[in-house]
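>>> Take this sequence and fold it.
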Amino acid sequence: MNGPLSTALLAALLPALAALAFTAPPALLLVADLPLTALQGQWELNEILFDPSDLVLAALLLAFAARGVPRARGGSATVPGLRWWLLLGGLLSIAYLAAPINAPVLDSWSRIAYQLYRYCWRPIAWFVLAAVCIRDRRRLGWLLAAIVVSGVIFSLPAIAQGYGGDYATGPFSHKNELGAALLAPLLLALAGAVSGRPPGARLACGVAALIIGRALMFALSRGATVAALAGAALLCAGLLADRRLRRAVLTLLPLALLAGVVVLLKSDRPVVAELLTASAGTEDANMQFRIQERWPHFAAIIAEHPWLGTGDGRDLTLGEEMNTPHNGYLSLALISGIPAATLTIGFALAGLAAAWRLQRGADGDLRVLGLAVAATLVALLIHNLIDATLLNAFAAKVYWLLIGVTTLAAQQPARFHAAPTAVSPARPRAALAPAVAVEVRS
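The predicted model follows:
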């Protein structure tokens, strides 16, 4: 992360989040964390580092302690795939404890607990929190809106940087971080521009998509551009297959293409030239270097530590530059081992399966949600080929949040219907088996 955050900001956030903990639905706290990702940095107290996400999680725990865990209609809730999630957290914890590089910070029980929370459990906590807090259509709308709004917040400084002649990174430290963070907001905004309700929401999503798309161009992240185009193509194909939305897509598609041409014509030639080099695909010299030299080097390290990894996503013997795999799949396996990396990607496959079920069997708006989530997950998985996307501060949150809420929606779609409906007492088939029932109270 970047440098320290100001004490004044901490003094402002603490009472605001505490007030929300006692007055607002937990889902509102959860989604508020997404735009706060723009605050890149942390505070330090007695050698303990914490950031805005830690404050949000603390506020959520305070809300649960004061008012109970949100209860769905029917008196209980299931978190799809909870056992698999616990297994993943266990694998990440064992790998962290076993890595020699982490030994210096594991000298007391309190430090062990803190390190495991921050680096093993917090990154994946959003999966369970989504399934617990986002349990109806209105709260789902909050989540999707927060993702899109966050993308706009990230994009505005990036556009200013781009027009100022600087590298566009937005609030992040690198263009690839910005590119990864913009994928989900862009694709969800495109979906909302076609199917959002009311019509004003479609207009807002269309404007957001233009802003985010412009920032993505300034990011000069070829991998993110390719991933965004792949996700948009999948989304467009799925929407065209829906007779209810086909007319809207055919109406907006020429306008979108025209807007894209205008933006390209108005863009600096170096920007366009850099993005067009992505058309070389695997024949690009940089990509060939990764495939032939960089990736095999790190694959050999993983082969020596297949089960628990090394605890570090770098090989510092390679120097200050070029010391990472530049491949998210290799990074996951290098840090935590092949089993943990495989299970992490397994959740994405389960999310895609759940999105497919929504697209095939739910009502109209949930079908669009299934398409949008599928397009987003595909884009993130593609971008993860050339960067550690699933370790990105924002993209990883969105990854787990969307998987959590989509598996729940596929398992219990009645909770997300436009009109309230009774939940069937029969146990539904799990979207990510096995599922564990978790009793909650008001």
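>>> Can you give me the neighbour number for residue 361?
Other residues near residue 361 come to 12 when the count uses other CB atoms under 10 Å. All C-beta spots, glycine's among them, are computed from the backbone N, C-alpha and C.
>>> quick one: it and residue 309, what's the gap?
Between residue 361 and residue 309 the distance is 39 Å, computed by CB to CB, to the nearest Å.
>>> Please give me every residue in contact with residue 235.
Neighbour list for residue 235: 187, 190, 191, 371, 372, 375 [criterion: CB atoms under 8 Å, 6 or more residues apart in numbering].
>>> pretty sure the second one contacts residue 205?
Put plainly, it is residue 190. Yes - under the criterion of CB atoms under 8 Å, residue 190 makes contact with residue 205 at 7.5 Å.
>>> Of these two, which one has the most company?
Each of residue 190 and residue 205 has its neighbours counted (other CB under 10 Å); residue 190 has more, 27 against 22.
>>> Which residue, neighbours along the chain excluded, lies closest to the more buried one?
residue 209 (5.2 Å; CB to CB, 6 or more residues apart in numbering).
>>> and if you look at residue 112?
residue 106 (5.2 Å).
>>> Make sure the one you found is actually in contact with residue 100.
No - using CB under 8 Å, residue 106 is not in contact with residue 100, being 10.5 Å away.
>>> what residues does stretch 13-24 touch?
By CB under 8 Å, 6+ apart, stretch 13-24 touches 28-29, 32, 52, 55-56, 58-60, 62-63, 66-67.
>>> Work out for me the element the residue nearest to residue 190 sits within.
Assigned by DSSP states H and E, residue 209 belongs to helix 199-219.
>>> so what does that helix touch, helix or strand wise?
If you count contacts as 3 or more CB pairs under 8 Å, 6 or more residues apart in numbering; DSSP states H and E, helix 199-219 packs onto helix 137-163, helix 175-195, helix 222-240, helix 243-266, helix 269-276.
>>> ranking those helices by burial, who's on top?
Counting by mean count of other CB atoms under 10 Å, helix 175-195 has the highest mean neighbour count of the helices and strands packed on helix 199-219, with a mean of 28.
>>> on contacts alone, who are the packing partners of it?
Using 3+ CB pairs under 8 Å, 6+ apart, helix 175-195 sits against helix 137-163, helix 199-219, helix 222-240, helix 243-266, helix 364-383, helix 393-411.
>>> Can you say which of those helices is nearest to residue 86?
helix 393-411 (14.0 Å; CB to CB).
>>> Distance from that closest one to the middle of the chain?
Here helix 393-411 shows a centroid-to-chain-centroid distance of 7 Å under the convention CA atoms, centre = their mean, to the nearest Å.
>>> That helix to helix 137-163, inter-axis angle?
With axes from the mean of the first three to the mean of the last three CA atoms, to 10 degrees defining the directions, helix 393-411 sits at 150 degrees from helix 137-163.
>>> Centroid-nearest residue for this protein?
residue 398 (2.3 Å; CA atoms, centre = their mean).
>>> Give me the pLDDT value at residue 441.
Looking at residue 441, its pLDDT stands at 37.
>>> For the residue nearest to residue 318 when sequence neighbours are not counted, grab the count of nearby residues.
Spatial nearest neighbour of residue 318, excluding adjacent residues (CB to CB, 6+ apart): residue 297 at 7.9 Å. Number of residues near residue 297 (other CB under 10 Å) recorded here: 14.
>>> residues touching residue 289, list them.
By CB under 8 Å, 6+ apart, residue 289 has no neighbours at all.
>>> Against residue 407, how distant is it?
38 Å.
>>> coming back round to it: okay, the helices and strands packed on helix 199-219 in JSON lines with mean pLDDT and distance to residue 324 next?
Shown next, in JSON lines, are the helices and strands packed on helix 199-219 (pLDDT from 0 to 100; distance: least, CB to CB, whole Å):
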{"stretch": "helix 137-163", "mean pLDDT": "95", "distance to residue 324": "22"}
{"stretch": "helix 175-195", "mean pLDDT": "93", "distance to residue 324": "11"}
{"stretch": "helix 222-240", "mean pLDDT": "91", "distance to residue 324": "14"}
{"stretch": "helix 243-266", "mean pLDDT": "67", "distance to residue 324": "32"}
{"stretch": "helix 269-276", "mean pLDDT": "54", "distance to residue 324": "21"}
